[in-house]
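[1] What follows is a predicted protein model with its sequence.
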Amino acid sequence: MQTATSASVSNKKVVDVLNDLLETSRDGEYGFRACADEVDSQQLKTVFRERAASCASAGNELMTAIRECGGKTDEGGTVTGAIHRGWVHVKGSLGADSALSMLEECERGEDTAVARYRKALKEDLPPQVRDLVQRQADGAQRNHDQIKALRDEMRSRKH
């Protein structure tokens, strides 16, 4: 039987893991939205907006899970995410091979998201939280693979 103290410590750890993933989702949402605003291609605008919406949806699920664990959601994204968005904006405004640059930066962001989900899945999470994190990790991997495929396609058109 867990004491109240050990239960709250484990809940705190779960909330910390979920808040870390929430920051990742927010970074993804803001990053994809910034790319959609900067890129000229209608196809890529659509892809980036869809990815932003899926990150927002993941964030909403995480906020619900955090509250269900008795936690409080952190505000905002990470400093790294803010730098990423700033980089996207600069690249877009310079027109430096804009679409390819955006895809490369999005892939880098998705690499980070996949790594953060893998790290979260190594934690001791309650079954329902683990199911949520695994489902979202699978979605982050699909996002990564889609962005990478688009990037590879764009690179091959350049050569």
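    The structure has been received and is ready for your questions.
[2] tell me the helices in the protein, going along the chain?
    Assigned by DSSP state H, the helices in the chain fall at 4-38, 42-68, 79-94, 98-121, 127-158.
[3] for the protein, which spans come out with low pLDDT?
    Scanning the chain with the threshold set as pLDDT under 70 gives 1-9, 76-97, 159.
[4] Let me have the helices of the chain in TSV, extended by mean neighbour count.
    For every residue, glycine as well, the C-beta is placed using N, CA and C. Shown next, in TSV, are those (neighbours: other CB atoms under 10 Å):
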stretch	mean neighbour count
helix 4-38	20
helix 42-68	18
helix 79-94	15
helix 98-121	20
helix 127-158	15
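[5] distance of residue 29 from residue 100?
    Separation of residue 29 from residue 100 (CB to CB, to the nearest Å): 22 Å.
[6] again with residue 109
    For residue 109, the distance to residue 100 - CB to CB - is 15 Å.
[7] likewise residue 50?
    Residue 50 is 19 Å from residue 100, by CB to CB.
[8] Over to residue 25?
    For residue 25, the distance to residue 100 - CB to CB - is 25 Å.
[9] got it, and residue 118?
    Applying CB to CB, the value for residue 118 to residue 100 is 27 Å.
[10] can you check residue 115 too?
    Distance from residue 115 to residue 100, by CB to CB: 23 Å.
[11] Could you tell me which residues make contact with the closest residue to residue 100 other than its chain neighbours?
    For residue 100, ignoring the flanking residues on the chain, the nearest one in space by CB to CB, 6 or more residues apart in numbering is residue 154 at 5.0 Å. Contact analysis of residue 154 by CB atoms under 8 Å, 6 or more residues apart in numbering lists 99-100, 103.
[12] Make JSON lines out of the residues you listed and add distance to residue 35.
    Shown next, in JSON lines, are the contacts of residue 154 (distance: CB to CB, whole Å):
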{"residue": "99", "distance to residue 35": "9"}
{"residue": "100", "distance to residue 35": "12"}
{"residue": "103", "distance to residue 35": "8"}
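[13] which among these gets closest to residue 158?
    Each of the contacts of residue 154 was scored against residue 158 by CB to CB, and residue 100 proved nearest at 7.1 Å.
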